[in-house]
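> sequence plus the predicted model coming up.
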Amino acid sequence: MQHPVEMMASTNLPASFAAARQFMVDSQLRPNKVSDPRLLDAMRTIPRERFLPPHLLPLAYADQDVPLGDGRVLMAPLAFARLAQLLLPVAGERLLVVAGGAGYGAAVLAACDARVVAVDDDEALIAEARSALTALGFPVTLRHGPLREGAPGLDLWDAIFIEGQVAEIPDAIARQLKPGGRLVTVLSRGGNGVAVRAERPRGQAGDALLAGLAIVPAFDCATAVLSAFDFTPHFEL
């Protein structure tokens, strides 16, 4: 069976969008430390415009977040690419995308041969994602549910990508990461965003996964804040 990226490469796509993808890779990604060949190939080939409504097509390859309504965005290409490279998806891994939105990020990670499940709390975005992913042939599983809860009830994940800027990493999501697994997101720090890679130490299991992620800052990164991850008050008696 032909890989979805290979299928798209052999399709006659609009020349202007194909040129824009190549320009995105050459002018935005490569000069800014994005070097993973699988990631570059996926982003050179996957049509970002398929994940946007018609009136936003001119912004598909702009170096900016593209607003999708209700505070949600299609993340800027460079920010997304650097975060995806920090995650370093491995072929065959089980990977959870939280706040998958319109599905572009999930498609890119699936093109890197990860087995991807994407969760979102916005049914309209899920419908758009399903339409685009099905049309392009990506076997991404989509789930509807609260973002802070991740994907409860499934096996633990090799990697988790929270696709947006968050005030905190909820314990409910941290518990879903395998020992030895990793999580990438953008944490809000003093009004700024910092890309982080959080790793679950090996040897922890069960309820011990409640805390203890080793969080390493990687680079400054600003993107839209996911309000669902605002700090929750903790009351003590």
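Structure's in. What do you need?
> quick one: Ala42 from Phe17, how far?
Ala42 is 15 Å from Phe17, where distance means C-beta to C-beta, to the nearest Å. The C-beta positions use only the backbone N, C-alpha and C, and glycine is treated the same way.
> check Val196 too.
The gap separating Val196 from Phe17 is 33 Å, by C-beta to C-beta.
> those two: who's more crowded?
With neighbours defined as other C-beta atoms under 10 Å, Val196 and Phe17 compare such that Val196 has more, 23 against 16.
> is it fair to say the more buried one lies in a strand?
Yes: judged by DSSP: H, G, I helix; E, B strand; the rest coil, Val196 forms part of a strand.
> look up which residues are beta-bridged to it.
Per DSSP bridges, the residues bridged to Val196 are Thr185, Pro217.
> what's near enough to touch it?
Val184, Thr185, Val186, Leu187, Ile215, Val216, Pro217, Ala218 (C-beta atoms under 8 Å, 6 or more residues apart in numbering).
> just among those, which is most surrounded?
Going by other C-beta under 10 Å, Thr185 tops the contacts of Val196 with 30 neighbours.
> surely that one and Ala159 touch.
No: counting by C-beta atoms under 8 Å, Thr185 does not reach Ala159; the two are 11.4 Å apart.
> shouldn't Ile46 be in contact with Leu109?
No: at 10.6 Å, Ile46 and Leu109 do not qualify as touching, with contact defined as C-beta under 8 Å.
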